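Colleague: Requesting a structural model of the entry that follows:
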Amino acid sequence: MKRVMLKLSGEALAAGKGSGYDETTVRDVAQQVLASVKQGVEVGIVIGGGNYWRGRTSEAIDRTKADQIGMLATIMNCIYVSEIFRSEGMETAIFSPFACGTMTELFSKDRVNECFKQGKVVFFGGGTGTPHVQPASAQQGSEYVVVRGDCLWNIAQRILGPNASNATILEYTVRIHQNNRSTIGDNPDLVLPGQRILLPS
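Modeller: Numbers count the residues shown, from 1 in each chain. This next block holds a predicted model:
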């Protein structure tokens, strides 16, 4: 296995405390990841923000602002976990889909791949950077923002609907890749959160 994407929930970072961080737990995760890095595995990490904020926690807050708070919570978690990883001897980089001062780098496929080649653990914070985005709302002929856990097959399956045959889904998956090769690269399995792809009509 050359590259893996690890999803950490925000609640897991708190280890039962409800909020904040449990450093012992995060160090345990770091040591497990370090073992993989030493074997040459490229590791990407997406972290939730549930130890700070989950969904629309307060009805008094606008939905867009609530989503933005959640995005920033994931970035705070990436910064914290990244620093623990560094203290365990790993090099790291943090990418986000929007400008965040000097705390993160703006997402770029080329920069991400460069960091992977340098042996860095790459963190992806801030989600898609767009409030209200629901993957199921995408339609053929529209732009789609890749979210964590996506692959071209499940994107195609979602767009085509539950009655689509496997052959139809495969054909549409190939078309997505062909239309977006400059964004995705040669390997259709390596779509990354935050990438914007054009769905074929």
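Colleague: Please go through the chain and pick out the longest helix.
Modeller: As assigned by DSSP state H, the longest helix anywhere in the chain is helix 63-87.
Colleague: Just the CA atoms of the helix or strand just after that one, as PDB, please.
Modeller: Downstream of helix 63-87, the first helix or strand assigned by DSSP states H and E is strand 92-96. Extracted in PDB, the C-alpha atoms of strand 92-96 (Å, rounded to 0.1, in the frame of the first residue of the first chain):
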ATOM      1  CA  THR A  92       4.000  17.500   8.400                       C
ATOM      2  CA  ALA A  93       2.000  19.900   6.100                       C
ATOM      3  CA  ILE A  94      -1.500  21.300   6.500                       C
ATOM      4  CA  PHE A  95      -3.700  22.200   3.500                       C
ATOM      5  CA  SER A  96      -7.000  24.000   3.500                       C
END
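Colleague: quick one: strands adjacent to strand 92-96?
Modeller: Paired neighbours of strand 92-96 in the sheet (DSSP bridges): strand 105-106 (parallel), strand 121-124 (parallel).
Colleague: Out of those strands, indicate the one that is most buried.
Modeller: Sort the strands paired with strand 92-96 by mean neighbour count, taking mean count of other CB atoms under 10 Å, and strand 121-124 sits at the top with a mean of 26. C-betas here are computed from N, CA, C, even on glycine.
Colleague: send the alpha carbons of that strand over as PDB?
Modeller: Written as PDB, here are the backbone C-alpha positions of strand 121-124 (Å, rounded to 0.1, in the frame of the first residue of the first chain):
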ATOM      1  CA  VAL A 121       2.300  13.500   6.700                       C
ATOM      2  CA  VAL A 122      -0.300  15.700   5.000                       C
ATOM      3  CA  PHE A 123      -3.300  17.100   6.900                       C
ATOM      4  CA  PHE A 124      -6.500  18.300   5.100                       C
END
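Colleague: Please, where are all the helices along the chain?
Modeller: Assigned by DSSP H, the chain shows helices spanning 10-14, 23-38, 63-87, 109-117, 152-160, 166-179, 181-184.
Colleague: now for these, which one comes closest to residue 44?
Modeller: Nearest to residue 44 among these is helix 109-117; the distance by CB to CB comes to 7.6 Å.
Colleague: before we move on, the earlier item: show me how far the longest helix of the chain is from its chain's centre.
Modeller: Computed by CA atoms, centre = their mean, to the nearest Å, the chain-centroid distance of helix 63-87 equals 12 Å.
Colleague: tell me what that helix is packed against?
Modeller: Using 3 or more CB pairs under 8 Å, 6 or more residues apart in numbering; DSSP states H and E, the elements in contact with helix 63-87 are helix 10-14, helix 23-38, strand 42-47, strand 92-96, strand 121-124.
Colleague: looking at the helices of the chain, which one has the lowest mean pLDDT?
Modeller: When the helices of the chain are ranked by mean pLDDT, helix 152-160 comes last with a mean of 82.
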